[in-house]
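> Dropping a prediction and its sequence here:
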Amino acid sequence: MFEIFKNRLEIIGILETVTALRISAGRSSEPIGSDLPVIKDALGRPLIPGSSFKGALRSRLESFLRGIHLDFAANPTQESEWSIPPDMMSEFKEQIKNLNPQEKEEKLHEFIINNTDLVSSLFGSPWLASKFQIRDLTVSEPEENWFDQYQERNSVAIDRDTETAGDGKLYDFQVVPAGTPFIFHAVIENAEEWELGMLMIGLHQFQTEQIPLGGGRSRGLGVVKLIIEKMNWVDVRDENYKQDKNYKPQTDPDKVKNYLKALIDSNSNPASPYIDAQPLKKAWADTFINHLSIELHKRTNTTATSSHQNHA
């Protein structure tokens, strides 16, 4: 289906290392330097890949939702455990192959939306694009905050049989020191309120230092704290569509035109087309909790009906 712009949330802030951070670039082949350097940008400064942050966030939300119902979060690492496995997708495409192109596209879109797990609806799947994008995190104001102050730490591999240090097992690894600030910039487009609520709960885990990043976490490395400075929000959906997803048109043309005009007029103030979304966080979170209750009720009823039919 062709995408229609409905809303956009831009989140800007700082991710600061509370303890030393190690996101490894792999073993170095250089004769001089650390055995295990960290990932760096083109200027040699530390870098946190956006995928590392996004993966840790997704994993935490998946663990929460699986605690409510296993169907709420599929396993993205195993094809057989995807919410829509490849064979299921192939079977459905075979069923609709004789439809005209438009009908086929509509049916396929509906099938994907209805069968995608809750986490993948926001973070994406092989069949559905992610609504959540995050840039790689680079050092904030490097002229003031970065002076090539990498730290080197020594470690040794222990022989499990002798319970002593193995021969030639001494190595060192590089870390980014505590107190290093990184620029956080994320964008979410065309999300439902419940998806935004799920995201707010996940980001709150970073705000309260609950999700570590990188390696060496058992040693206390990787504790980070997210400080959200701005949440810019624009919503051009029609008010009727917000209440009824079958309503057409989905967007209010005047809202779209005003947004586009504000973008052009906002050279001196890039945030002017947006409103502050901070006050909306609780309402979004409440919508997410309510959505979980509705989805859990559906699955409970389905399970109960199947069980009754099997006993009949």
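Arrived safely.

> For residue 5, pull up the helix or strand it's in.
Element membership for residue 5, per DSSP states H and E: none, as it lies in no helix or strand.

> Tell me the spacing between the residue nearest to the spatial centre of the chain and residue 67.
By Cα atoms, centre = their mean, the mean C-alpha position of the chain lies nearest to residue 54, the distance being 3.9 Å. Between residue 54 and residue 67 the computed distance is 21 Å (Cβ to Cβ, to the nearest Å). Where C-beta positions appear, they are placed from N, C-alpha and C, glycine not excepted.

> Phi and psi next, for residue 232.
phi -100, psi 130 (degrees, to the nearest 10).

> Could you find the closest non-adjacent residue to it?
Nearest residue to residue 232 in three dimensions, chain neighbours excluded: residue 274, at 3.6 Å (Cβ to Cβ, 6 or more residues apart in numbering).

> residues near the one you found, how many?
Applying the criterion other Cβ atoms under 10 Å, we find 19 residues in the vicinity of residue 274.

> Kindly report the same for the one 4 residues further on.
With neighbours defined by other Cβ under 10 Å, the count for residue 278 comes to 11.

> Report the contact partners of it.
Residues counted as contacts of residue 278 (Cβ atoms under 8 Å, 6 or more residues apart in numbering) are 228, 231.

> which phi and psi does it have?
The main-chain torsion angles of residue 278 are listed as degrees, to the nearest 10 and equal phi -50, psi -40.

> again, but for residue 47
On the backbone of residue 47 - angles per degrees, to the nearest 10 - the values are phi -140, psi 140.

> And residue 143, by the same measure?
Geometry field for residue 143 lists phi and psi as phi -60, psi -30, criterion degrees, to the nearest 10.

> Run through the neighbouring helices and strands of the helix or strand containing residue 113.
Per DSSP H and E, residue 113 falls inside helix 101-115. In terms of contact count using 3 or more Cβ pairs under 8 Å, 6 or more residues apart in numbering; DSSP states H and E, helix 101-115 is assigned the packing partners helix 86-95.

> So which elements touch the helix it packs on?
Counting contacts by 3+ Cβ pairs under 8 Å, 6+ apart, helix 86-95 packs against helix 101-115.

> which parts of the helix it packs on are buried?
For helix 101-115, the buried set under the neighbour-count rule, 16 or more other Cβ atoms under 10 Å, comprises 108, 111-112, 115.

> ok, residues contacting that helix?
Outside helix 101-115, the residues within contact range by Cβ under 8 Å, 6+ apart are 1, 83-84, 88, 92-93, 96-97, 99, 121, 127-128.

> continuing past it, what's the next helix or strand?
Note on helix 101-115: by DSSP H and E, the next helix or strand toward the C-terminus is helix 118-123.

> model confidence over that following helix, on average?
Averaging the model's pLDDT scores along helix 118-123 yields 96.

> could you check the angle helix 86-95 makes with the helix holding residue 113?
Taking axes from the mean of the first three to the mean of the last three Cα atoms, to 10 degrees, one finds helix 101-115 and helix 86-95 inclined to each other by 150 degrees.

> Tell me the secondary structure at residue 259.
Of the three states, residue 259 takes helix according to DSSP: H, G, I helix; E, B strand; the rest coil.

> Identify the residues contacting it.
Contacts were defined as Cβ under 8 Å, 6+ apart; by that measure residue 259 touches 234, 236, 273.
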